[in-house]
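Peer 1: just a sequence and a predicted model for now, questions to come.
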Amino acid sequence: MRISRTFKALGLAAAVALAPLMASSAQAAGTVTVALAIDAGSWDPIDTFIVDWASVGNNIYDGLTSRGPDMKLKPGLATSWEFLDDNARIRFKLRENVKFHNGEPFNAAAVKFTFDRLLGEEGKKGPQQSNYNAIDRVEVVDDNTVDFVMKQPDPVLLTKLAGYGAMIVPPQYIKEKGDEYFNTHPVGTGPFKFVSYDPKVNITLEANADHWGGAPKIDKVVYRMIAEANTQVAELQAGRIDIATLVPFGLAPTIEKAQNLSLVSITGPTAVALRLNTKNGITKDVNVRKALIMGVDRDAIIKAVLLGHAKPIASFQSELSFGYDPSLKPVPFDLAKAKQMLQQAGVQPGAPLKIDFRGNDATFREVAQAAAGFFQALGLKPTVQPYESPVLLNDIIPNGKTGEAWHNSWGGWTFDYDNTAYLMYHSGEKWNPYDNDPKLNALLEKQRTVYDVKEREKILQEVGRYVADQAMEIPLYNQNTLYGVNKRLKNFDPPSDRRFRFTDVTVE
């Protein structure tokens, strides 16, 4: 299968390499054009968790806090904050003399409106509300000061305020125009203003010369919706886009060889694993699960399928994740010992093992087939079962109808292990249909009450070690974020999570 895939990739690369280059670029001198895979459909911060939304929204909106490509938290629309009343209240001092794109003032009333809306009936319609439920209410102290009164501790809240649902929105504009209009005509305080939106085609932004952080150095950003990765690469080669966000691994060498293009391959947030069914089939035995981890050559999969654009992992998180434990090492591949462990566990030759996966993920299809090959070498009878993503994610997994293993891919947008571990391993969560481990539940709950950074990090690392010891999944790899970039872009600092901010970018 890998040989077949390699020849297909080489053929495809050749075809794209021969795509006719345009004699004159379609790009305007002051315009950056970015290809996105998905149209978010609504540009309201509370309506989405889609990464491609953030690629756009991070330029339209600001949060109270901010985080750049270096992942460090810094002031945004709040210039400072302090914890009061034994951490039950967080007081934010707000940036003064800031205006929304429509001219209305940013102030404490706008912050209160944003969070009343997020935590109220409108917020219930979207997926973001649950990320902020630790907040009881927002109180206005004065025009430039607000208090967040907490129901319970949330040590990740300051990070959450830098993205998605917490982006600050204009009260008067939304009251006058309505939520439906706001969905397709967004207004924020960010470095770029909304110009136009053609659903499934493009969204265009222009520079906000009055942005509090300084005017952008380019005039315009155009996002084109291009769902096919190969088409994105062809458009990049033809000079019709500046950034391709979908780069097939097989075409990465083609971009690297192009004189006018550069390939960016950096550690990303996405971890990929085969989660294991701990209730049914042969995988309910922890020793069998440990044998399966040992029996899959992750390094070989990374080299053959991902062409080296990934790293093996020991826990279900990137090294960028808070709570990552560098002392926890991946289990070495040892086919002979894995066979021995299966025999000792009483697993019969030809025992079935089914892998459920998202059928639209062509790369993971190859990974699943490679893993199945290793399972077959262990004497098992593996099968791979593709599903439409909504079916797998909303029916098969939550209702405990998986096979022995299933495709698990997660980015963790806060870059905090809590955002992964709690949702994956705490009993009652959507992504945890089988386990109810009191010790693990207690650890996950405890770290959510701790604001001391070092103490909380130790608890999260203990969670990672405990999950590894229980062999709840086969950690496969941390996938690199790949971009194809036109070299005419200067001062482009590529973010690992595709949350672009184009304020300092220039073009030649």
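Peer 2: Perfect, I can see it now. Remember, it's a predicted structure, so these values are computed and weren't measured experimentally.
Peer 1: list the buried residues for stretch 495-508?
Peer 2: Using 16 or more other Cβ atoms under 10 Å as the test for burial, stretch 495-508 gives 495-503, 505, 507. For the C-beta atoms, the positions are set from N, CA and C on the backbone; glycine is no exception.
Peer 1: got the end-to-end distance for it?
Peer 2: 21 Å (Cα to Cα, to the nearest Å).
Peer 1: how about stretch 275-292?
Peer 2: Comparing the first residue of stretch 275-292 with its last one, the separation is 11 Å (Cα to Cα).
Peer 1: quick one: name whatever helix or strand follows the lengthiest helix in the chain.
Peer 2: Taking DSSP state H as the assignment, the helix of the chain that covers the most residues is helix 453-470. Stepping forward along the backbone from helix 453-470, the first helix or strand reached (DSSP states H and E) is strand 473-486.
Peer 1: in its sheet, what does the helix or strand that comes right after that following strand sit against?
Peer 2: From strand 473-486 onward toward the C-terminus, using DSSP H and E, the following helix or strand is strand 489-490. Sheet partners assigned to strand 489-490 using DSSP bridges are listed as strand 506-507 (antiparallel).
Peer 1: give me the contact list for stretch 72-90.
Peer 2: Contacts to stretch 72-90, defined as Cβ atoms under 8 Å, 6 or more residues apart in numbering, come from residues 62-68, 91-95, 98, 106, 111, 147-150, 153, 157-159, 161-162, 168, 189, 451.
Peer 1: flag every buried residue along it.
Peer 2: Buried positions in stretch 72-90, judged by neighbour count with 16+ other Cβ under 10 Å: 76-78, 81, 90.
Peer 1: end to end, how far does it reach?
Peer 2: The distance separating the two terminal residues of stretch 72-90, taken as Cα to Cα, comes to 20 Å.
Peer 1: still on that earlier bit, report the buried members of the contacts of stretch 72-90.
Peer 2: Taking 16+ other Cβ under 10 Å as the criterion, what is buried in these is 62-67, 91-95, 98, 106, 111, 147-148, 150, 153, 157-159, 161-162, 168, 189.
Peer 1: which parts of stretch 95-108 are buried?
Peer 2: Using 16+ other Cβ under 10 Å as the test for burial, stretch 95-108 gives 95, 98, 100-101, 104, 106-108.
Peer 1: need those in a markdown table (columns: pLDDT).
Peer 2: Conversion of the buried residues of stretch 95-108 to a markdown table gives the following (pLDDT from 0 to 100):
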| residue | pLDDT |
| --- | --- |
| R95 | 98 |
| V98 | 98 |
| F100 | 98 |
| H101 | 98 |
| E104 | 98 |
| F106 | 98 |
| N107 | 98 |
| A108 | 98 |
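Peer 1: next, format those residues as JSON lines and append secondary structure and distance to G412.
Peer 2: Conversion of these to JSON lines gives the following (DSSP: H, G, I helix; E, B strand; the rest coil; distance: Cβ to Cβ, whole Å):
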{"residue": "R95", "secondary structure": "coil", "distance to G412": "28"}
{"residue": "V98", "secondary structure": "coil", "distance to G412": "30"}
{"residue": "F100", "secondary structure": "coil", "distance to G412": "30"}
{"residue": "H101", "secondary structure": "coil", "distance to G412": "31"}
{"residue": "E104", "secondary structure": "coil", "distance to G412": "35"}
{"residue": "F106", "secondary structure": "coil", "distance to G412": "29"}
{"residue": "N107", "secondary structure": "coil", "distance to G412": "33"}
{"residue": "A108", "secondary structure": "helix", "distance to G412": "31"}
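Peer 1: coming back round to it: could you dump the buried residues of stretch 72-90 into a markdown table with distance to K329, secondary structure and pLDDT added?
Peer 2: As requested, the buried residues of stretch 72-90 are arranged in a markdown table below (distance: Cβ to Cβ, whole Å; DSSP: H, G, I helix; E, B strand; the rest coil; pLDDT from 0 to 100):
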| residue | distance to K329 | secondary structure | pLDDT |
| --- | --- | --- | --- |
| G76 | 37 | coil | 98 |
| L77 | 42 | coil | 98 |
| A78 | 40 | strand | 98 |
| W81 | 38 | strand | 97 |
| I90 | 38 | strand | 98 |
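Peer 1: and for stretch 44-53, what's in contact with it?
Peer 2: Applying Cβ under 8 Å, 6+ apart, the set of residues contacting stretch 44-53 is 36-43, 57, 61, 117-118, 122-123, 125-129, 164-167, 169, 179, 182-183, 186, 245, 411, 413, 497-499.
Peer 1: quick check: end-to-end length of that stretch?
Peer 2: Taking Cα to Cα, stretch 44-53 runs 9 Å from one end to the other.
Peer 1: swap in stretch 178-193?
Peer 2: Distances were taken as Cα to Cα; on that basis the terminal residues of stretch 178-193 are 19 Å apart.
Peer 1: I'd like the average pLDDT over it.
Peer 2: pLDDT averaged over stretch 178-193 equals 97, rounded to a whole number.
Peer 1: next, the buried residues of that stretch.
Peer 2: The neighbour-count criterion (16+ other Cβ under 10 Å) identifies 182, 186-193 as the buried residues of stretch 178-193.
Peer 1: just stretch 210-220 next, same as before
Peer 2: Judged by neighbour count using 16+ other Cβ under 10 Å, the buried positions of stretch 210-220 are 211-213, 216, 218-220.
Peer 1: any idea how far the spatially most central residue of the chain is from S318?
Peer 2: A centroid search over the chain (Cα atoms, centre = their mean) returns G411, at 3.6 Å, as the residue closest to the centre. The gap separating G411 from S318 is 8 Å, by Cβ to Cβ, to the nearest Å.
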